[in-house]
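Q: have a look at this prediction, sequence included:
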Amino acid sequence: MKKYILNSLLVAAVLFVASCKPEIESPAGTTAGTANFGKYIAVGNSLTSGFADGGLYLEGQKVAYPNLIAEKMATVGGGSFTSPFFTDAQANGSGYLSLTALVNGVPTLTPVTNNLAYRDATHLAKYTGEVQNLGIPGMRVDLAFAGPFSAANPYLERLLPDAQVGVTTYFQFIQGRNHTFFSLWLGNNDALGYATNGGVTTDATNVLTDKSTFALLYSNLVNSLTAGGQKGIVGTIPDVTSIPYFNTVTVAALLTAAKAINPAAAAIYIQTGTGAVRAATSEDLIRLPFQSAGLFGSTASSPYPYGLHPLNPIANNWVLDKDEVAKVKDFVLSYNNTIKSLADSKGLAIADTYTYLNQVKTGIVINGIGINSAFITGGAFSLDGVHLTPRGNAVIANVFINAINAKYGSTIPIVDVTQYRGVKFPN
């Protein structure tokens, strides 16, 4: 479901002589290259906002990857960067999950419910003022053009004047920012909403966006953000199978657990998207929340143990079966082809998070720290199995920074990943 101005000292000096306007100088040996980081805006969804652990809260907002990028941009002439932070008194924002115990690998996740930022039962405290981190949890490319969604989405609603709620679209909201540089990492939810709902479509937030519709609307976004000749960077959409949400509760792990109780257990049974019942394979992905749902092996509603008999299979909404996986992968590849093609046509940098997070899935080492996509222990993903930890944000910030530097000849320093935590373990 969050800083800029001119180039090298030489260019700044030339401009000063030519126009007699004061400039913010960059430190010696650094340069913005051909980019202008004077005013950076970040367009995106929950990943951009700093959403983590199933909620949006102040600590996560502060370490959102755009904030980390903007801090480093300041060394090459970047300006200030504003985010719609919750106040210290309401630092826990929407609420989030906390790891309160980990016994024999089994986690206890407890909702944090104090110091929240709600002005009533369903609406978050309003934020007024300048915003440059424009990340909105739950935002999709298709819903970016739907006015009513600004009333349904509490994270966008809190940033709009009352008169604009339900009328102003996200596409309209991001305009008129007078930016000189942008990042656009949007489109994840156009596939992820369907996937995290087990391939079951119930409303506009969990349908797969039509490929041609995605291409048209993403083009509108890019054209708007580059209308004044601005440079920027776009991010590709990650493979859904690269996140812990889909690679933690495996068929093999469930079968092992079943055999420990009943050695005769032979298979895990699932209901597919077509309604068919069959034995699950390693190609079928089971959603992370199934781990704590208390359903597996239960005979509460049937004489047959849940998931262990074809007459009581794991329901389709808990599973992204292999055909649904293939479908999602196909859509993601199409979306990414659109993103890369449009970026190339506009001369924009590309942060290939699709490729990078697939590398994280198998494991990487950065400055002596091992990072992978394992739930809780991997370091990259938070307790919801989808969003990033502070360390994960630092890693992604560097993917963006390296791509910006390579495209525009800038020398933005990378973020020191070792200074940021993974999942916070109980004391």
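A: Great, that's in hand.

Q: buried residues of stretch 192-211, list them for me.
A: 192-199, 205-206, 208-209, 211 (16 or more other CB atoms under 10 Å). For glycine as for every other residue, the C-beta is placed from the backbone atoms N, C-alpha and C.

Q: same list (these) but as a markdown table, adding distance to Ile404 and secondary structure.
A: What follows is these, written out as a markdown table (distance: CB to CB, whole Å; DSSP: H, G, I helix; E, B strand; the rest coil):
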| residue | distance to Ile404 | secondary structure |
| --- | --- | --- |
| Leu192 | 25 | helix |
| Gly193 | 29 | helix |
| Tyr194 | 31 | helix |
| Ala195 | 29 | helix |
| Thr196 | 30 | helix |
| Asn197 | 34 | coil |
| Gly198 | 37 | coil |
| Gly199 | 36 | coil |
| Thr205 | 31 | helix |
| Asn206 | 33 | helix |
| Leu208 | 30 | coil |
| Thr209 | 27 | coil |
| Lys211 | 28 | helix |
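
Q: show me which pair in these is furthest apart.
A: Within the buried residues of stretch 192-211, Gly198 and Lys211 form the most distant pair, 21.4 Å apart (CB to CB).

Q: and the residue nearest to Ser410 when sequence neighbours are not counted, what helix or strand is that in?
A: Distances taken as CB to CB, 6 or more residues apart in numbering put Gly33 closest to Ser410, at 3.8 Å, once the chain neighbours are dropped. Using DSSP states H and E, no element contains Gly33; it sits outside every helix and strand.

Q: gap between Gly33 and Thr256?
A: Distance, Gly33 to Thr256, using CB to CB, to the nearest Å: 53 Å.

Q: Thr169 too?
A: For Thr169, the distance to Thr256 equals 48 Å [CB to CB].

Q: more crowded one of the two?
A: More crowded of Thr169 and Thr256, by other CB atoms under 10 Å: Thr169, with 18 against 11.

Q: what separates that one from Thr226, distance-wise?
A: Distance of Thr169 to Thr226, given as CB to CB: 19 Å.

Q: ok, longest helix in this structure?
A: helix 322-346 (DSSP state H).

Q: could I get the average pLDDT for that one?
A: What helix 322-346 shows for mean pLDDT is 98.

Q: please name every helix or strand in contact with that helix.
A: Judged by 3 or more CB pairs under 8 Å, 6 or more residues apart in numbering; DSSP states H and E, the packing partners of helix 322-346 are helix 188-196, helix 211-225, strand 231-235, strand 349-351.

Q: how about the ones you listed, which one is nearest Pro426?
A: Nearest of those to Pro426, taken as CB to CB: helix 188-196 at 26.3 Å.

Q: now that closest one against helix 211-225, angle please.
A: Relative orientation of helix 188-196 versus helix 211-225 (axes from the mean of the first three to the mean of the last three CA atoms, to 10 degrees): 150 degrees.

Q: quick check: mean pLDDT across helix 188-196?
A: pLDDT averaged over helix 188-196 gives 97.

Q: chain center to that helix: distance?
A: 11 Å (CA atoms, centre = their mean, to the nearest Å).

Q: again with stretch 51-59
A: Chain-centre distance of stretch 51-59: 11 Å, with CA atoms, centre = their mean.

Q: where does the prediction get shaky in the protein?
A: The model of the chain has pLDDT under 70 over residues 1-29.

Q: of all residues in it, which one is nearest the centre?
A: What sits nearest the mean C-alpha location of the chain, by CA atoms, centre = their mean, is Leu47, with 2.7 Å.

Q: how near is that residue to Gly422?
A: Applying CB to CB, the value for Leu47 to Gly422 is 16 Å.

Q: and if you look at Ala64?
A: As defined by CB to CB, Ala64 lies at a distance of 16 Å from Gly422.

Q: between the two, which one's more packed in?
A: Neighbour tally, Ala64 and Gly422, criterion other CB under 10 Å: the higher count belongs to Ala64, 29 against 19.

Q: what's near enough to touch the spatially closest residue to the more buried one that is not a sequence neighbour?
A: The spatially closest residue to Ala64, leaving aside those adjacent along the chain, is Gly50, at 3.1 Å (CB to CB, 6+ apart). Counting by CB atoms under 8 Å, 6 or more residues apart in numbering, Gly50 touches 2, 56, 60-64, 67, 83, 133, 135, 393.

Q: again with Leu285
A: Residues in contact with Leu285 (CB under 8 Å, 6+ apart) are 241, 246-247, 319-321, 325.

Q: at 10 Å instead, please
A: Leu285 makes contact with 195, 198-199, 240-241, 245-251, 318-322, 324-325, 328 under the criterion CB atoms under 10 Å, 6 or more residues apart in numbering.

Q: what is the burial count for the closest residue to Ile268 other than its chain neighbours?
A: Using CB to CB, 6+ apart and skipping the chain neighbours, the partner closest in space to Ile268 is Ala280 (4.4 Å). Residues near Ala280, counting by other CB under 10 Å, number 24.

Q: got phi/psi on Ala280?
A: The phi/psi pair for Ala280 (degrees, to the nearest 10) reads phi -70, psi 150.

Q: any idea how far Gly33 is from it?
A: Taking CB to CB as the criterion, Ala280 is separated from Gly33 by 51 Å.

Q: and for Ala252?
A: Distance of Ala252 to Gly33, computed by CB to CB: 48 Å.

Q: quick one: which of these two has more around it?
A: Between Ala252 and Gly33, counting by other CB under 10 Å, Gly33 is the more crowded of the two (21 against 11).

Q: thought Phe181 was touching the more buried one, still the case?
A: No - Gly33 is beyond contact range of Phe181, at 11.3 Å (criterion: CB atoms under 10 Å).
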